[in-house]
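Asks: Provide a 3D model corresponding to the input given below.
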Amino acid sequence: MTVLERFNIPRRLASRIWLLTVPSAVLSFERRQKVPPLPIGQGRFAGLALVAAGVAAIAMGRRARPQSLNGRRGISRFQQRPAVGGGLLALIGVGVLLRSTALTAYALGLALGFATDVVELEEPQLPGRSSADTAAWDYTDTLV
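Replies: Residues are numbered from 1 along each chain as shown. Below is the predicted model:
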């Protein structure tokens, strides 16, 4: 952990960053570098089930009231924030469906980082829905 603290890595990531912007950049990088696809053949269609489960978890996660995550680690962080787990599950499903080695590795690494409290992820919100804790994620200043 002390090695990671030396780098200026953002600790909190907005959902539009970790769920849209970075994955598209990862896919673009993977295509340009000609990274070999996952050797899963027809098993890639299991990604559709993962995407559907992720979207369902995001939709159902809006009903749950987020609780304090202080001291929580591992799977319990996903139980407290089901929309984050659903977003990561959908991202993994897209990676498997596209047979993308880099996208699947990115999503699994992000899930590991969230579970071990290395990074804090904003919950994805469906259109027309709002959350009471969105004020905590307002970005008025950008610090680099």
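Asks: from here on, contacts and neighbour counts on C-alpha atoms
Replies: Noted.
Asks: quick one: residue 110 and residue 10, what's the gap?
Replies: 13 Å (CA to CA, to the nearest Å).
Asks: Check the contact lists of those two and give me the overlap.
Replies: residue 119 (CA atoms under 8 Å, 6 or more residues apart in numbering).
Asks: ok, these two, which is more surrounded?
Replies: residue 110 (18 against 11; other CA atoms under 10 Å).
Asks: which residues does the more buried one contact?
Replies: Applying CA under 8 Å, 6+ apart, the residues near residue 110 are 88, 119.
Asks: Name the helix or strand for it, please.
Replies: helix 101-115 (DSSP states H and E).
Asks: buried stuff in that helix?
Replies: 101, 102, 103, 104, 106, 107, 108, 110, 111, 114, 115 (16 or more other CA atoms under 10 Å).
Asks: Next: stretch 47-56.
Replies: 47, 49, 50, 51, 53, 54, 55, 56.
Asks: all strands of the chain, in order?
Replies: 12-13, 120-121 (DSSP state E).
Asks: The first one - what's its average pLDDT?
Replies: Same thing as strand 12-13. The pLDDT scores in strand 12-13 average 82.
Asks: which residues touch it?
Replies: For strand 12-13, using CA under 8 Å, 6+ apart, the contacting residues are 119, 120, 121, 122.
Asks: burial of the second one, as a residue count?
Replies: In other words, residue 120. Residues near residue 120, counting by other CA under 10 Å: 17.
Asks: Could you check how far the closest residue to it other than its chain neighbours is from residue 46?
Replies: Sequence neighbours aside, residue 12 is the residue nearest to residue 120 in space, at 4.7 Å (criterion: CA to CA, 6 or more residues apart in numbering). Per CA to CA, residue 12 is found 30 Å from residue 46.
Asks: How about residue 60?
Replies: Distance from residue 60 to residue 46, by CA to CA: 21 Å.
Asks: likewise residue 88?
Replies: Distance from residue 88 to residue 46, by CA to CA: 15 Å.
Asks: Find me the pLDDT at the residue nearest to residue 11 when sequence neighbours are not counted, would you?
Replies: Leaving aside its sequence neighbours, residue 11 sits nearest to residue 119 (CA to CA, 6+ apart; 4.9 Å). Looking at residue 119, its pLDDT is 82.
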